[in-house]
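>>> Build me a structure from this.
(one chain, ligands or ions: 1)
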Amino acid sequence: MDGRVLGLNGVTVRRGGGHLLDGVDWSVLEGERWVILGPNGAGKTTLLNVASSQTYPTAGGVEILGERLGGVDVFELRPLIGYAGASVSSRIEEDTPVLDLVLSAAYGYLGRFREEYGVPDYGRARALLGHWGVGDLADRSFHTLSEGERKRVLIARALMSDPELLLLDEPAAGLDLGGREDLVRRMGKLAMSDVAPALVVVSHHVEEIPPGFTHGLLLREGRVVKAGPLGEVMTAEYLSETFGLPLKIERDGDRWTARAI
Ligand SMILES: Nc1ncnc2c1ncn2[C@@H]1O[C@H](COP(=O)(O)OP(=O)(O)OP(=O)(O)O)[C@@H](O)[C@H]1O
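Purely as a prediction, here's the structure:
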């Protein structure tokens with residue numbers, strides 16, 4: 001795999017006569033923690049869908065965990081990729097217990113059918129829920145949870161198969177300030193762990209970049225404005241261009257803030 005977890009080369013996705021992504025080049029190496037930032041409609045979710053092998057590009061090449069998309073059985077690849085986002089929540093059936101949702105991720109399912117699980121599977125699922133602060137919710141139905149609780153359950157689920165690449169689409173969307181800060185802190189702990197997979201998190205807000213994140217990709221209208229180490233990417237110039245308004249960016253330790261000027 002050569003240390004490269006993800007490689008996109010000139011990736012273009014066209015739908016309905018428009019470009020969702022336009023010539024995107026991007027590499028993610030083992031150990032890197034990336035944030036993808038951009039305004040509504042920039043193509044962030046589309047990029048994550050390509051990276052998770054859910055969307056095939058119209059043009060360009062994609063390599064995921066050393067395998068070329070189009071030349072590999074994606075059903076063998078997908079268990080190695082953890083994914084959490086709104087598209088997962090919306091497919092979960094009513095009354096699905098939280099524990100079953102996490103357990104069944106080992107098979108890529110969204111709830112239990114007839115498959116059998118052993119004691120270690122239960123142990124891992126409960127440990128992950130506990131680690132993300134939702135261990136006492138294991139027997140609740142997923143749809144009865146608050147937004148913040150759901151987000152944490154979905155991250156625990158995404159980690160169940162011990163993935164080599166973890167993709168989180170707007171994990172802090174819809175959370176109140178306390179919920180956001182709690183999640184950012186937990187993601188920061190994951191980011192700083194040596195055994196964590198390569199991480200890619202999509203966000204609209206620089207305030208949501210967790211400590212320990214190393215790289216950023218700025219996207220506007222399907223094109224990369226700038227990608228690279230966070231210190232090079234997080235400038236007023238690049239972020240203003242990305243969001244289409246003049247911004248002031250400040251760094252306080254390992255956190256960032258932005259406001260219009
Ligand atoms: N199947 C489709 N056909 C046509 N246009 C599409 C399709 N899917 C997405 N789009 C458009 O592509 C653009 C990029 O969508 P995408 O969801 O990737 O953006 P995003 O950056 O994740 O946006 P947001 O921050 O609002 O979630 C949007 O303008 C969207 O309307």
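>>> any idea how far the ligand is from the residue most central in space within the chain?
Central residue of the chain (C-alpha atoms, centre = their mean): L168, 1.7 Å from the mean position. Separation of L168 from the ligand (C-beta to the nearest ligand atom, to the nearest Å) stands at 13 Å. For every residue, glycine as well, the C-beta is placed using N, CA and C.
>>> Correct me if wrong: that residue contacts P197.
No. Between L168 and P197 there is no contact under C-beta atoms under 8 Å: 11.2 Å.
>>> Residues of the stretch 101-250 of the chain that sit close to the ligand?
Along the stretch 101-250 of the chain, the residues adjacent to the ligand under the rule C-beta under 6 Å from any ligand atom are H204.
>>> Would you mark the buried spots in stretch 219-232?
By neighbour count with 16 or more other C-beta atoms under 10 Å, stretch 219-232 contains the buried residues L219, R220, E221, G222, V224, V225, K226, A227, L230.
>>> Likewise for stretch 201-211?
V201, V202, S203, H204, V206, E208, I209, P210.
>>> what mean pLDDT would you report for it?
Mean pLDDT, computed over stretch 201-211, is 95.
>>> So what's the gap between that stretch and the chain middle?
Put simply, stretch 201-211 sits 11 Å off its chain's centre (C-alpha atoms, centre = their mean, to the nearest Å).
>>> which residues are contacting that stretch?
Applying C-beta atoms under 8 Å, 6 or more residues apart in numbering, the set of residues contacting stretch 201-211 from outside is 33-40, 44-45, 47-48, 85, 168-173, 180, 184-185, 187-188, 190-192, 213, 216, 230, 234, 239, 249, 253-258.
>>> quick one: the strands in the stretch 1-150 of the chain?
In the stretch 1-150 of the chain, the strands defined using DSSP state E, counting those that start in this stretch lie at 4-15, 18-29, 33-37, 59-64, 67-68, 81-84.
>>> partners of the fourth one in the sheet?
Note on strand 59-64: by DSSP bridges, its sheet partners are strand 4-15 (antiparallel), strand 67-68 (antiparallel).
>>> Show me the one of the ones you listed that comes nearest the ligand.
strand 4-15 (3.4 Å; C-beta to the nearest ligand atom).
>>> How far off centre is that closest one?
In terms of C-alpha atoms, centre = their mean, the centre of strand 4-15 is set 16 Å apart from its chain centre.
>>> Please point out which parts of it sit buried.
Neighbour counts over strand 4-15 (16+ other C-beta under 10 Å) mark R4, V5, L6, G7, L8, V11, V13 as buried.
>>> mind checking pLDDT for the residue in the stretch 51-200 of the chain that the ligand sits nearest to?
Among the residues of the stretch 51-200 of the chain, E170 lies closest to the ligand, at 6.9 Å counting by C-beta to the nearest ligand atom. pLDDT for E170: 93.
>>> and what of M1?
On the pLDDT scale, M1 gets 57.
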